[in-house]
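> Dropping the sequence and predicted coords here.
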Amino acid sequence: MNIVQTSVPRSHADVVIMGGGLAGLTLALQLRQRFAQLEIVVLERMRHPVREAAHKVGESSVEIAAHYFDTVLGLREHLTARDIATDIHYPILDCHQAGWSALPQRCAPGGVAVAEASVPCLLTIPCFPGMTDDEVDTVCKALSSWTA
């Protein structure tokens with residue numbers, strides 16, 4: 001996907017997506033994957049590049065996003081082809097961890113059925129304190145080369 005940052009208004013687009021966060025950009029990737037001929041514009045109000053950690057994703061969407069990146073956009077296959085493991089690193093949801101057990105609102109009133117069902121198939125990216133700089137660079141290069 002060709003990404004162009006501009007403040008000049010465009011006169012035509014087949015699809016306009018409001019917001020360049022996780023949902024907006026992955027929707028743009030999915031549309032590009034299925035309909036390569038579309039002219040897609042993503043409008044984002046924040047200037048780029050944004051400061052570090054300004055683009056955090058809420059924890060409640062992590063499981064769904066991981067499944068989406070894996071199943072819909074094919075990220076696991078891309079990383080596996082580059083010898084990067086995408087194993088399950090956290091097989092127990094946060095709300096079921098021992099440290100959370102005494103919290104009065106550790107889970108939604110109806111439970112977290114979707115999150116619980118997704119645990120066995122989550123895609124995780126290696127990220128732990130013992131990684132060498134070369135390992136971090138390898139993961140970053142693989143993610144940067146992914147175009148869905």
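That came through, no problem.
> Got the domain ranges for the chain?
As recorded under automatic domain parsing, the domains making up the chain are 1-56, 57-148.
> In CSV: those domains, plus mean neighbour count and mean pLDDT.
Any C-beta I mention is one placed from the backbone N, CA and C, and that applies to glycine too. Listed next are the domains of the chain as CSV, based on neighbours: other CB atoms under 10 Å; pLDDT from 0 to 100:
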stretch, mean neighbour count, mean pLDDT
domain 1-56, 12, 76
domain 57-148, 13, 77
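> tell me, what residue is most central in this structure?
Ala65 (5.2 Å; CA atoms, centre = their mean).
> Determine how far stretch 14-22 lies from the middle of the whole chain.
Centroid separation between stretch 14-22 and its chain, computed with CA atoms, centre = their mean, to the nearest Å, is 15 Å.
> Could you export that stretch as CSV, CA atoms only?
The C-alpha coordinates for stretch 14-22 follow below in CSV (Å, rounded to 0.1, in the frame of the first residue of the first chain):
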residue,chain,number,x,y,z
ASP,A,14,-13.3,5.5,-3.6
VAL,A,15,-13.1,5.0,0.1
VAL,A,16,-12.5,7.5,2.9
ILE,A,17,-11.6,6.1,6.3
MET,A,18,-11.8,8.4,9.3
GLY,A,19,-9.0,7.7,11.7
GLY,A,20,-5.5,6.2,11.2
GLY,A,21,-5.5,4.1,14.4
LEU,A,22,-5.5,0.3,14.6
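> tell me the SS of Ala28?
helix (DSSP: H, G, I helix; E, B strand; the rest coil).
> all helices for the protein, in order.
22-34, 62-67, 75-80, 113-118, 133-144 (DSSP state H).
> Would you mind putting those helices into CSV with distance to Arg47 alongside?
Listed next are these as CSV, based on distance: least, CB to CB, whole Å:
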stretch, distance to Arg47
helix 22-34, 16
helix 62-67, 24
helix 75-80, 27
helix 113-118, 34
helix 133-144, 21
